[in-house]
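Peer 1: sequence and predicted structure are below.
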Amino acid sequence: MKKKIIILIIVISGIVTINSLITLNTTHHPEFSENKNSSGHAYAYPPGVGILTNSTSCLSCHANNGPWKDDANTIIDILDKDTKKSLKQTDGTFLIETQKGQPKTVLTIIGSRKNNSIPASYRNAWLYIDPATIGKNSLSKFAPDWEVNLPMSCRLVGDNLIGYEDANITSLPMTIQPLESAKDTEISLQVMLTKGETTKNNALEGMTGSYFERKVKLKVK
């Protein structure tokens, strides 16, 4: 009888513990239980866009209310890591070229020129994603048949890079490699410059952010 009581106590304790963990998880991350906001889009939680949910952009969750504008003071660039040459084209898109099977490393540079009237962003987030992959089962949302080691990041501002001494930036390398079946394609670079912290259970409050998108063309030589 005592054994049965002990086993029953253990089972009940286990159930209580599991329920408390589930409650804690959904309290901190309600987007995984409800998975919808008033606009009908899934909540964007890093890396929510296209990966944990079918959100199409950061704006499914975050506000686009920051002081950083799409002008000469805003920096969104992709450099060849070896030459430090910008891969930006005259039409505003970026072109990354490499041979099949050959890795290519680029630097993603995000930030703004130092300006006393506009505060520097505190944290920059970015994501390289093929919009056509959103809603598909594959965990990878980068271009099909292209390998990549770091398609996304959320990084504190403060990196140093020659040529950007007058700017508050983040800088991080990303290596891609086209497989044998890789084809020329176009992906999206989604960027958010942010400051502050989001309010618990409401990413639209507490944090200011400015959202940008850039087209990136991947070309097999």
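Peer 2: Great, that's in hand.
Peer 1: what's across from residue 215 in the sheet?
Peer 2: Per DSSP bridges, the residues bridged to residue 215 are residue 188.
Peer 1: per-residue pLDDT, it?
Peer 2: On pLDDT, residue 215 comes in at 97.
Peer 1: what's residue 140 in contact with, if anything?
Peer 2: 133, 148 (Cβ atoms under 8 Å, 6 or more residues apart in numbering). For the C-beta atoms, the positions are set from N, CA and C on the backbone; glycine is no exception.
Peer 1: tell me the secondary structure for it?
Peer 2: Under DSSP: H, G, I helix; E, B strand; the rest coil, residue 140 falls in the coil class.
Peer 1: what values do phi and psi take at it?
Peer 2: Main-chain dihedrals, residue 140, degrees, to the nearest 10: phi -80, psi 130.
Peer 1: one more: residue 132?
Peer 2: As for residue 132, its main-chain torsions (degrees, to the nearest 10) stand at phi -70, psi -20.
Peer 1: list the contacts for it?
Peer 2: Neighbour list for residue 132: empty [criterion: Cβ under 8 Å, 6+ apart].
Peer 1: one more pass at 10 Å, please.
Peer 2: 50, 141, 143-144, 185-188 (Cβ atoms under 10 Å, 6 or more residues apart in numbering).
Peer 1: can you flag the buried ones in those residues?
Peer 2: Neighbour-count burial (16 or more other Cβ atoms under 10 Å) applied to these gives 50, 141, 143-144, 185, 187-188.
Peer 1: all set now, cheers.
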